[in-house]
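Colleague: One predicted model, sequence on top.
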Amino acid sequence: MTRGADPVVMGNASGGAVVQGAAKARVIEPAVVVLGRVAARDPEEERADMVRGLLRRPPRIDSRYFYDDRGSELFEAITRLPEYYQTRTEEAILARIADEVVESTGARELVELGSGAGRKVRLLLDAMRRRGALDACVMLDINETFLRASVEALTEQYPEAAVRGVVGDFHHDLEAVGTGGRRLFIFLAGTIGNLYPRQLARFLRQVRAVLGPGDAFLVGLDLVKDAARLEAAYNDRAGVTAEFNRNILRVLNRRFATAFEVEAFGHVAFYDPVRAWIEMRLRASRPTAASLGEGREILFAAGDEIRTEISRKFSRDSFTAELGGTGLGLAAWYSDPERLFASALLRPVPEGGPA
Ligand SMILES: C[S@@+](CC[C@H](N)C(=O)[O-])C[C@H]1O[C@@H](n2cnc3c(N)ncnc32)[C@H](O)[C@@H]1O
């Protein structure tokens, strides 16, 4: 792998690597940083979190557990499904607005949160390149395998940029992306809709806290629409979303020895118009049990359900209302002709400003 003329070492959390070039030696930042919190999070604390979720009504599993390697591959397959309008619609919006966003923000560095396979980011990187303003790119994701692959691919494709990856959790590790100026943060795919209202407010305040006055934040939002269209997107005919949903139990089995009987659960996804969110659940088709550790079990009767994800749907007004008190304000709103999806461009509001 090369970056410009100098060799680059994929590093780790242990610090910078000294790279011997033909004529010089220089210290580079590691290309991928694995944060201690993610690599060595206290397993007992993590188990306690997981158990607390399962003991709620309805039982819940945190959606970050979807994204082991298999889950990330399944998500990529979902993005190609005919029913899943979100990805292609967001791509079309980004392709249309990329130059305008880069121009209006003056961005020289791109930071993607929850970067996944890192495909859409190229639309913005290309626009930065066209302006001759592509200095750096930081990708943050919880899945190390996908992160390393995308950092490697972007390093090759954009040799003029310093590309870095942070294996981290966007709820806890935002400060790890460092500081800068003229940065464009992006959070795509409607992932922000997976956050519960209180989590969302906290997340937006945390993002605001790491933004400099010249930085901006572009957020992808799935919009409220006809329930049938929404429900079709989460109940695809090929059954990929169902497989993605059930895979979360395999992840728990591996991580916590929960011994869920994966085949005893079926996929459920429905739109709740009052909360304006899609809810994904797993429903037990027969009596079954899982282990919570220390000899404790959780029992499920046929028909019992576990909530595995919410995906909130917004309107311009409902999203703007979420910005209140976060220190972020809406600078621009872009959508597609059918109003299926939106990209909201947020800017920090100066102290004492309206938001
Ligand atoms: C819906 S996918 C979106 C991927 C990509 N940005 C796109 O637009 O297609 C969500 C991504 O966020 C990552 N993710 C989920 N929860 C996370 C968390 N708490 N912290 C960091 N990354 C997370 C997943 O690994 C996955 O890559």
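Modeller: The structure has been received and is ready for your questions. Since we're looking at a predicted model, the values are computed, not measured.
Colleague: all helices for this structure, in order.
Modeller: With DSSP state H as the criterion, the chain has helices at 36-39, 43-54, 69-79, 85-105, 121-130, 144-157, 197-210, 227-233, 240-256, 316-322.
Colleague: show me where pLDDT drops low in this structure?
Modeller: For the chain, applying pLDDT under 70 flags the ranges 1-30, 34-41, 352-355.
Colleague: Taking the centroid of it, which residue is nearest it?
Modeller: Gly114 (2.8 Å; CA atoms, centre = their mean).
Colleague: Indicate which one of the helices of the chain is closest to Ala136.
Modeller: helix 121-130 (9.8 Å; CB to CB). Every residue, glycine included, has its C-beta placed from N, CA and C.
Colleague: circling back to that earlier point, show me the contacts for the residue nearest to the centre of the chain.
Modeller: 140-142, 170, 187-189, 191 (CB atoms under 8 Å, 6 or more residues apart in numbering).
Colleague: Now with 7 Å, please.
Modeller: 141, 170, 187, 191 (CB atoms under 7 Å, 6 or more residues apart in numbering).
Colleague: Would you map out the domains in the chain?
Modeller: For the chain, automatic domain parsing gives the domain ranges 81-223+314-348, 226-312.
Colleague: So which residues on the chain come close to the ligand?
Modeller: Within reach of the ligand by CB under 6 Å from any ligand atom, the chain has these residues: 64, 67, 72, 75, 79, 114-116, 120, 141-143, 169-171, 188-189, 191.
Colleague: Just the buried subset of these, please.
Modeller: 64, 67, 72, 75, 79, 114-116, 120, 141-143, 169-170, 188-189, 191 (16 or more other CB atoms under 10 Å).
Colleague: before we move on, the earlier item: out of the contacts of Gly114, who's nearest Val219?
Modeller: Proximity of these to Val219 (CB to CB) peaks at Phe187, which lies at 5.1 Å.
Colleague: Phe341 and Arg198: what is the separation?
Modeller: 24 Å (CB to CB, to the nearest Å).
Colleague: gap between Phe341 and Asp317?
Modeller: 16 Å.
Colleague: How many neighbouring residues does the one residue in the stretch 201-350 of the chain that gets nearest to the ligand have?
Modeller: The ligand sits closest to Gly220 of the stretch 201-350 of the chain, with a gap of 6.9 Å, by CB to the nearest ligand atom. Neighbour count of Gly220, defined by other CB atoms under 10 Å: 23.
Colleague: Find the nearest non-adjacent residue to it, please.
Modeller: Closest residue in space to Gly220, ignoring its immediate chain neighbours: Leu188 at 4.2 Å, by CB to CB, 6 or more residues apart in numbering.
Colleague: swap in Asn235?
Modeller: Closest residue in space to Asn235, ignoring its immediate chain neighbours: Ala269 at 5.4 Å, by CB to CB, 6+ apart.
Colleague: from memory that neighbour sits against Glu231, does it?
Modeller: Yes - between Ala269 and Glu231 a contact is recorded at 6.5 Å, counting by CB atoms under 7 Å.
Colleague: of the two, who's got more company?
Modeller: Using other CB under 10 Å as the criterion, Ala269 and Glu231 rank with Ala269 on top: 21 against 14.
Colleague: Tell me how far that one lies from Glu309.
Modeller: Applying CB to CB, the value for Ala269 to Glu309 is 9 Å.
Colleague: Which neighbours do those two have in common?
Modeller: Joint contacts of Ala269 and Glu309 (CB under 7 Å, 6+ apart) are Met280.
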